[in-house]
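Q: Need the 3D shape of this:
(one chain, ligands or ions: 4)
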Amino acid sequence: MPVANDAPGVDIEGTDADAETGDLPINELFQSLQGEGRLAGVPSVFVRTSGCNLRCWFCDSYHTSWEPTHNWVTVDDVLAAIEEYDAGHVVLTGGEPLIHDASADLLERLADRGYHTTVETNGTVVPNAPIDLASVSPKLASSTPTAERDPDGDGEWADRHEERRLDLPTLAELVETYDTQLKFVVTGREDMAEIERLVERLRDAASTRVRDDDVLLMPEGQTRDQLEATRTEVADLALEYGYRYTPRLHVDLWNDAPGT
Ligand SMILES: C[S@@+](CC[C@H](N)C(=O)[O-])C[C@H]1O[C@@H](n2cnc3c(N)ncnc32)[C@H](O)[C@@H]1O
Ligand SMILES: Nc1nc2[nH]cc(C(=O)O)c2c(=O)[nH]1
Ligand code: SF4
Ligand SMILES: [Mg+2]
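A: Ligands and ions are numbered 1, 2, ... in the order given. Here you go, the predicted structure:
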């Protein structure tokens, strides 16, 4: 691979084609440097599934959420494509990779082969699978696709997004089960009260410790120009609140090019 992006857009909501076939809807598969979080800079193979249970207005992977595009690929073929690269780290992302049952199968088989796995997830689903780093990005109120912000229509997804975006018991279970980083997309100072409240509630709900070091603030921005406008403010907020800042190294290096 890379997997061609020429499959017709299919809205995965409400279908169980993956459960029946055990295949994964693959949007792209490529090697790059991990651009975000604790492992930023580490060469990794990225497996991007298509389909999401949320619709963030700012989603930088539009063709996995608002307009899902993919080829159905067997887990065997995904593994073979990964093995073509000389990499020890695999990042499973999307879309929301954990809405697909076959993601658990892929993660099991990657663990058997000795790969380090990171899963990029919105934190609304707990898988039954081994994960080395759960990179959980809970979605804040500022992500909701209101009519004014909807990239695709008139706010049709706003209510569903709002209902689904935060699930405290699920977040607590993820934190208890996996080595977890909480990676918040920050649009500005207005997001901080919600982050503080959520971290506090999670600390009350989870039996394992959530350290300030596990909380990462990531500036919102799909392009270099957009990041330029948010990153200094977000870095200052990280300093002020004692959380970590994470860059979006891939955007700095390659802007919004696909396959990076
Ligand atoms: C496309 S998402 C896929 C995984 C999962 N659905 C999630 O949201 O965590 C991958 C990462 O990109 C982040 N992201 C998406 N759009 C972004 C944007 N415009 N600016 C900054 N981060 C963004 C998400 O929060 C997540 O951490
Ligand atoms: N280089 C690079 N690093 C990333 N880390 C998380 C990504 C994602 O889309 O989940 C991502 C991505 O798309 N590219
Ligand atoms: S949850 Fe992730 S993939 Fe889904 S719309 Fe939001 S950023 Fe995009
Ligand atoms: Mg990305």
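Q: Please give me every residue in contact with the closest residue to residue 155 other than its chain neighbours.
A: Of all residues not flanking residue 155 in the chain, residue 147 sits nearest, at 3.4 Å (CB to CB, 6 or more residues apart in numbering). Every C-beta, even on glycine, is put in place using the N, C-alpha and C of the backbone. Shown in contact with residue 147 (CB atoms under 8 Å, 6 or more residues apart in numbering): 154-155, 158.
Q: how close does residue 147 get to ligand 2?
A: Distance of residue 147 to ligand 2, given as CB to the nearest ligand atom, to the nearest Å: 26 Å.
Q: so what pLDDT did that residue get?
A: Residue 147 is assigned 97 on the pLDDT scale.
Q: just to revisit the earlier point, what subset of the contacts of residue 147 is buried?
A: Among the contacts of residue 147, those classed as buried by 16 or more other CB atoms under 10 Å are 155, 158.
Q: how about the contacts of residue 147 in CSV, adding distance to residue 215?
A: Listed next are those as CSV, based on distance: CB to CB, whole Å:
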residue, distance to residue 215
154, 34
155, 30
158, 27
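Q: does residue 146 really touch residue 57, like I thought?
A: Yes: between residue 146 and residue 57 there is a contact at 7.4 Å, judged by CB atoms under 8 Å.
Q: between these two, which one's more packed in?
A: Neighbour tally, residue 146 and residue 57, criterion other CB atoms under 10 Å: the higher count belongs to residue 57, 19 against 15.
Q: re earlier: tell me the one among the contacts of residue 147 nearest to ligand 2.
A: residue 158 (23.1 Å; CB to the nearest ligand atom).
Q: Return the residues in contact with the closest one.
A: 144-147, 150.
Q: just the CA coordinates of the longest strand anywhere in the chain, formatted as PDB?
A: When the chain is parsed with DSSP state E, its longest strand is strand 24-33. Written as PDB, here are the backbone C-alpha positions of strand 24-33 (Å, rounded to 0.1, in the frame of the first residue of the first chain):
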ATOM      1  CA  LEU A  24     -11.300  -3.000   8.200                       C
ATOM      2  CA  PRO A  25     -12.400   0.100   6.200                       C
ATOM      3  CA  ILE A  26      -9.000   1.600   5.400                       C
ATOM      4  CA  ASN A  27      -8.700   5.200   4.300                       C
ATOM      5  CA  GLU A  28      -4.900   5.300   4.200                       C
ATOM      6  CA  LEU A  29      -1.800   3.500   5.400                       C
ATOM      7  CA  PHE A  30       1.600   5.200   5.400                       C
ATOM      8  CA  GLN A  31       4.800   5.700   7.300                       C
ATOM      9  CA  SER A  32       5.600   9.000   9.000                       C
ATOM     10  CA  LEU A  33       6.900  10.500  12.200                       C
END
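Q: Distance from that strand to the middle of the chain?
A: Computed by CA atoms, centre = their mean, to the nearest Å, the chain-centroid distance of strand 24-33 equals 13 Å.
Q: What pairs with the following helix or strand past it, parallel or antiparallel?
A: Counting by DSSP states H and E, the next helix or strand C-terminal to strand 24-33 is strand 43-49. Each strand paired with strand 43-49, and its direction, by DSSP bridges: strand 24-33 (antiparallel), strand 89-93 (parallel).
Q: Of all those, which one is nearest ligand 3?
A: strand 89-93 (8.0 Å).
Q: Residue numbers of the stretch 151-260 of the chain in contact with ligand 2?
A: For the stretch 151-260 of the chain, the contact set with ligand 2 under CB under 6 Å from any ligand atom comprises 250, 260.
Q: Look at the residue in the stretch 151-260 of the chain positioned nearest to ligand 3 and tell me its secondary structure.
A: Here the residue of the stretch 151-260 of the chain nearest ligand 3 is residue 185; by CB to the nearest ligand atom that distance is 7.5 Å. For residue 185, the secondary-structure state derived from DSSP: H, G, I helix; E, B strand; the rest coil is strand.
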